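Visitor: Show me how the following folds:
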Amino acid sequence: METRSDVGARPAALAWSTENCQVERAMDVLGGRATLLVLREVVNGIRRFDDMQAHAGISRQVLTDRLALLVEHDVLRRVPYRDAGRRERHEYRLTAKGFELYPVLAALASWGARWYADPEGAAVELAHRGCDAGVEAVLTCADGHRVHDPRDVVTRPGPGARRRS
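Guide: Presented below is the predicted three-dimensional model:
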């Protein structure tokens, strides 16, 4: 509940620069719609260019650009392969940095399932390979407490924060 003193108060974040914002920098790499679709394809085991293009419906040029960006930023790596009688080609696999995006993709999938799935349900579910139970992305603090309400999370200046000039 907002208190009278909250109304009209200037957010403390306005005192801090956004010139080195990690969210903005991450979105420079991940921000395009096609980029997340490429990651969805790779996570789902679709790693070859032609398969990705056909399955995701991304134009050749956009797909080429997104794959190059993700390789440049070490989110994906190119792995050569050669089908019998064909020239060498590449497929794309997640790097360690790419695998760290899995919780982001899981959260996006859960959010999409909740708000945008067809009436009969989500097109894809995430399940734990070990026991087949559903998987969800959750917020936890460094002390291991599960945060159920996002309003219980606050932002604060980090070690790289710079005051606005």
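
Visitor: Let me see the contact set for the closest residue to residue 55 other than its chain neighbours.
Guide: Nearest residue to residue 55, sequence neighbours excluded (C-beta to C-beta, 6 or more residues apart in numbering): residue 46, at 5.5 Å. Using the backbone N, CA and C atoms, a C-beta is placed for each residue, glycine as well. Counting by C-beta atoms under 8 Å, 6 or more residues apart in numbering, residue 46 touches 52, 55, 56.

Visitor: now do residue 48
Guide: Taking C-beta under 8 Å, 6+ apart, one finds 81, 89, 91, 92 in contact with residue 48.

Visitor: The first one contacts residue 89, correct?
Guide: Okay, so that is residue 81. Yes - Residue 81 lies in contact with residue 89 (C-beta atoms under 8 Å); the separation is 6.1 Å.

Visitor: which stretches of this protein aren't confidently modelled?
Guide: 1-6 (pLDDT under 70).

Visitor: now the strands for it?
Guide: Ranges of strands in the chain, per DSSP state E, are 76-81, 89-94, 139-140, 146-147.

Visitor: Specify the stretch among those that is closest to residue 63.
Guide: With distances scored as C-beta to C-beta, the stretch of the strands of the chain nearest to residue 63 is strand 89-94 (10.2 Å).

Visitor: Please name every helix or strand in contact with the closest one.
Guide: Strand 89-94 is packed against helix 33-43, helix 49-56, helix 60-72, strand 76-81, with contacts defined by 3 or more C-beta pairs under 8 Å, 6 or more residues apart in numbering; DSSP states H and E.

Visitor: could those go into TSV alongside distance to residue 150?
Guide: Below are the helices and strands packed on strand 89-94 laid out as TSV (distance: least, C-beta to C-beta, whole Å):
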stretch	distance to residue 150
helix 33-43	21
helix 49-56	30
helix 60-72	28
strand 76-81	30
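
Visitor: what are the phi and psi angles of the nearest residue to residue 88 once chain neighbours are set aside?
Guide: In this structure, residue 88 finds its nearest non-sequential neighbour in residue 82, 4.8 Å apart by C-beta to C-beta, 6+ apart. Here is the backbone geometry of residue 82 (degrees, to the nearest 10): phi -140, psi 120.
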